[in-house]
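Engineer: starting from these lines, generate the structure:
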Amino acid sequence: MPATQPAPARDDTAQDSEQDTANAASIVERFLVASMVPDPATAATFISPELAITFTGGRKYRHPSETAAFNAGRYKWVKKNMQRIDVVPGHGETIVYSLGTLYGEWPDGIPFDGNRYVDRFVVRGGEIVQMDVWNDSAERLLTRHGIAA
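Structural biologist: The predicted structure follows:
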């Protein structure tokens, strides 16, 4: 009977990479949940002091309180239906995409839902260092005002 060979040892780097990937997805999801409350103070516990946010329309922010203030002006309230999280491991950082739809009310109280969004995050060292946000709100507002989007 042939001798069995031990399974090759797993590369610690691969284990670390898998853990970083799982942690990054959890960090982003908890950040988004806090942001939807909105609770910018809790959301800020997941960010780097060097956070760079590019919001819809190319607006630049550095802190979740700034995006909460923007959303407070654009919406009476808004929440995310997070349908999917995609994670892309990299060298020293992990890219996390959150895809889904927005629902809520416009400032005049008219409800909306099904408003597509994509958020892209860069997570490095257990902190969110970059956030890019895209959604269809502008097109929906144009359509509401009779402008073909």
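Engineer: where do the strands sit along this structure?
Structural biologist: Ranges of strands in the chain, per DSSP state E, are 47-54, 60-61, 77-89, 94-105, 111-124, 127-135.
Engineer: pairing partners for the first one, with directions?
Structural biologist: Sheet pairing here is set by DSSP bridges, and for strand 47-54 it gives strand 60-61 (antiparallel), strand 127-135 (parallel).
Engineer: okay, the ones you listed, which one's buried deepest?
Structural biologist: With neighbours defined as mean count of other CB atoms under 10 Å, the strands paired with strand 47-54 peak in mean count at strand 127-135, which reaches a mean of 18. Heads up, the C-betas are built off the backbone N, CA and C, glycines and all.
Engineer: most centrally placed residue in the protein?
Structural biologist: Taking CA atoms, centre = their mean, the centroid of the chain lies closest to residue 119, which sits 4.4 Å from it.
Engineer: what bridges to that residue?
Structural biologist: Beta-bridge partners for residue 119, by DSSP bridges, are residue 98, residue 133.
Engineer: identify the residues contacting it.
Structural biologist: 28, 32, 97, 98, 99, 131, 132, 133, 134 (CB atoms under 8 Å, 6 or more residues apart in numbering).
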